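Chemist: give the three-dimensional model of this entry:
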Amino acid sequence: MSLAPWLGLLCGSLLVAACQPPAPALCVSMVGDVLLDRAVPAALARDSAALLQTTRALWAGSRYVIGNLECPLTIENQPARKPFVFRGSPYYAWFLRDLGFTHVSLANNHTLDQHAGGLYFTNRAVQTAGLHPLGYQADSLAGCRPTLLGPDSSVAVFAYSAFYQRVAGEGCLCGRDFAALCERVAAYKTLFPERAVLVYLHWGTEYADLPSAVQRAQARTLIDCGAAAVVGSHPHVVQPVEFYRGCPILYSLGNFLFDQQGRQTDLALQVDFELAQGHVMATYLRPLQLHRAIPYAAETAARAALLTRIQRLLPEGPLGLDPDAARWQLRAPVAAPAGPGYFPREQVLADSMRAGTAVRLRFLPRAGYFQAHIRTGATQTVLPLGFPLYQFAQGDVDNDGHPDLLAGPVKTTHFDSTMRRRLFVYRVAQGRATPRWLGSRVMYRLLYFKAVRAAHGLTYVRTIEQQPDGRYCIGHYSWRGFGLMLDAFPARSLTLEAAYDHFIR
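Modeler: As a prediction, the model looks like this:
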């Protein structure tokens with residue numbers, strides 16, 4: 001098929017963008033774990049003036065500063081039954097604001113140390129002090145919604161915790177379901193491609209020098225789904241830096257304000273991102289060192305130790321950073337083209353009646369489209385899709401007990417010559433993909449879709465579509481013998497932001 005119409009649309013968009021003056025870069029700083037309990041209050045009473053001087057220097061050029069709040073801030077004392085339980089005074093929310101913090105993540109394994117009531121009071125204390133919570137909302141779905149930064153909402157931040165605590169109220173925090181996080185990041189970036197997406201994760205193994213293989217795969221998947229950068233906390237030690245598709249991954253920044261000792265828990269990093277045009281334009285690291293719980297600029301030996309820690313996963317060798325510098329700029333290596341679109345590059349179709357089938361996408365830069373490599377056991381075939389994609393997912397759309405492959409091409413069809421987003425359904429069996437539905441179009445202009453397993457056990461397809469009047473609606477489509485048919489529009493005449501909120505519910 002000819003790609004000329006697709007390329008023409010792309011070139012036209014680039015021409016319009018080239019005529020617009022570039023927006024100034026937005027500087028966002030991120031640090032690691034902040035504890036306000038145990039020995040930290042005494043350290044603050046002793047050295048708060050020094051800490052204030054440090055943060056003023058660290059954040060002088062930052063519009064936003066984000067950290068992980070590692071304890072609830074509440075006067076309520078209802079400790080959870082666990083080995084380590086924290087509780088800080090609500091006063092410290094004002095103290096964090098005076099230091100220069102603008103946002104704190106509540107998506108972690110200690111926010112519920114004082115149960116749901118403590119979480120509620122923490123959120124109230126944070127907001128009363130003029131801070132913004134990340135990864136939490138009271139309605140239990142909003143925790144995985146993005147927090148927008150910048151006067152033009154040019155940056156979106158997702159906060160997520162990988163830990164399950166079995167405490168009431170946990171549904172208010174973004175966490176546990178990594179696939180849902182990826183789905184929400186991908187949908188958001190597809191709908192708002194001009195916005196840069198940052199993902200702040202609470203994950204990993206405490207005191208581990210390296211991230212696990214699972215973490216590395218998850219970080220790459222998030223970037224495939226549209227994240228401009230991935231930043232981690234929780235291990236309490238600094239872990240390596242890595243790049244994937246030119247995007248920075250910082251697996252753990254270590255502690256920022258904490259009373260731990262030994263195991264190099266006194267080494268820390270701050271990362272500064274300059275963000276514009278939906279991307280990270282520059283990444284800087286600031287080496288830090290904790291003395292009696294308080295962070296300071298790292299001394300010579302600490303900077304050398306930090307350089308060793310952050311370079312362990314870089315196959316191209318050392319970063320060539322000046323160990324004596326107060327700030328290090330990370331330069332991404334040249335990345336191989338991975339193709340347009342924001343979605344996982346691999347789907348594993350789990351099937352109770354057959355061996356799992358792995359479908360991995362491979363982008364062909366010269367051709368400008370993807371191939372699907374399908375493997376079931378020893379059988380492997382290649383499906384030359386022959387078109388760009390904006391979505392790649394799975395779901396038992398026809399409700400026959402076997403997952404189908406859902407592809408979102410951008411193309412014309414035999415019955416519709418307009419270049420637009422489509423929805424194709426393939427049945428995958430014996431290592432082969434057979435087209436089930438190559439729908440020419442849905443009711444309105446299709447923007448995005450996903451398969452949803454309903455409470456009654458059947459699967460339907462949920463869509464975001466643009467109405468003829470320019471507003472947006474949510475569509476539900478069910479399989480009717482030969483293809484997908486419209487059931488209803490549960491929501492109509494929405495803004496794009498409201499359509500996204502309805503879509504992820």
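Chemist: pLDDT score for Gln20?
Modeler: What the model reports for Gln20 is a pLDDT of 62.
Chemist: over to Arg441?
Modeler: The confidence metric pLDDT takes the value 81 at Arg441.
Chemist: for the nearest residue to it once chain neighbours are set aside, the count of nearby residues, please.
Modeler: Leaving out its chain neighbours, the residue that sits closest to Arg441 by C-beta to C-beta, 6 or more residues apart in numbering is Asp416, at 5.7 Å. Just so you know, the C-beta spots here come from the backbone N, C-alpha and C atoms, and that holds for glycine as well. Using other C-beta atoms under 10 Å, Asp416 is surrounded by 13 other residues.
Chemist: ok, Asp416 to Phe101 distance?
Modeler: From Asp416 across to Phe101, the span is 51 Å (C-beta to C-beta, to the nearest Å).
Chemist: same check, this time on Ala208
Modeler: As judged by C-beta to C-beta, Ala208 and Phe101 stand 27 Å apart.
Chemist: same question, Asp209
Modeler: Shown here: Asp209 relative to Phe101, a distance of 28 Å by C-beta to C-beta.
Chemist: repeat for Gly171
Modeler: To Phe101, Gly171 is 26 Å away according to C-beta to C-beta.
Chemist: higher neighbour count, these two?
Modeler: Phe101 (26 against 13).
Chemist: just say helix, strand or coil for the more buried one.
Modeler: coil (DSSP: H, G, I helix; E, B strand; the rest coil).
Chemist: helix, strand or coil for the residue nearest to Pro72 when sequence neighbours are not counted?
Modeler: Leaving aside its sequence neighbours, Pro72 sits nearest to Gly118 (C-beta to C-beta, 6+ apart; 4.0 Å). When classified by three-state DSSP, Gly118 comes out as helix.
Chemist: what is the neighbour count of Gly118?
Modeler: If you count neighbours by other C-beta under 10 Å, Gly118 ends up with 26.
Chemist: in the stretch 351-500 of the chain, which spans are strands?
Modeler: In the stretch 351-500 of the chain, strands defined by DSSP state E, counting those that start in this stretch lie at 357-364, 369-376, 379-384, 389-395, 404-413, 416-421, 423-429, 432-439, 445-453, 459-466, 472-479, 484-494, listed in chain order.
Chemist: ok so Val185 is a strand residue?
Modeler: No - assessed with three-state DSSP, Val185 is helix; it does not lie in a strand.
Chemist: any idea how far it lies from Tyr390?
Modeler: Distance of Val185 to Tyr390, computed by C-beta to C-beta: 14 Å.
Chemist: between the two, which one's more packed in?
Modeler: Val185 (25 against 21).
Chemist: which ones are touching that one?
Modeler: Applying C-beta atoms under 8 Å, 6 or more residues apart in numbering, we find Val185 in contact with 158, 197, 199, 222, 225-227, 342.
Chemist: same thing but at 6 Å, please
Modeler: Val185 makes contact with 197, 225-227, according to C-beta atoms under 6 Å, 6 or more residues apart in numbering.
Chemist: and Leu290, by the same measure?
Modeler: Counting by C-beta under 6 Å, 6+ apart, Leu290 makes contact with Asp266.
Chemist: how about a cut-off of 8 Å?
Modeler: Contacts for Leu290 (C-beta under 8 Å, 6+ apart) come out as 255, 257-258, 265-268, 296.
Chemist: so Thr190 sits against Leu447, correct?
Modeler: Yes - counting by C-beta atoms under 8 Å, Leu447 is a contact partner of Thr190 at 7.5 Å.
Chemist: and the helices in the stretch 51-200 of the chain?
Modeler: Using DSSP state H, counting those that start in this stretch, the helices found in the stretch 51-200 of the chain span residues 91-99, 115-128, 178-191.
Chemist: list the buried residues of the last one.
Modeler: Residues of helix 178-191 classed as buried under the neighbour-count rule (16 or more other C-beta atoms under 10 Å) are 178, 181-191.
Chemist: ok, now the shortest one?
Modeler: For helix 91-99, burial by neighbour count (16+ other C-beta under 10 Å) applies to 92-97, 99.
Chemist: who's in contact with that helix?
Modeler: With contact meaning C-beta under 8 Å, 6+ apart, helix 91-99 is reached by 34, 36, 44, 48, 51-52, 55, 67, 69, 73, 104, 125-126, 128-131.
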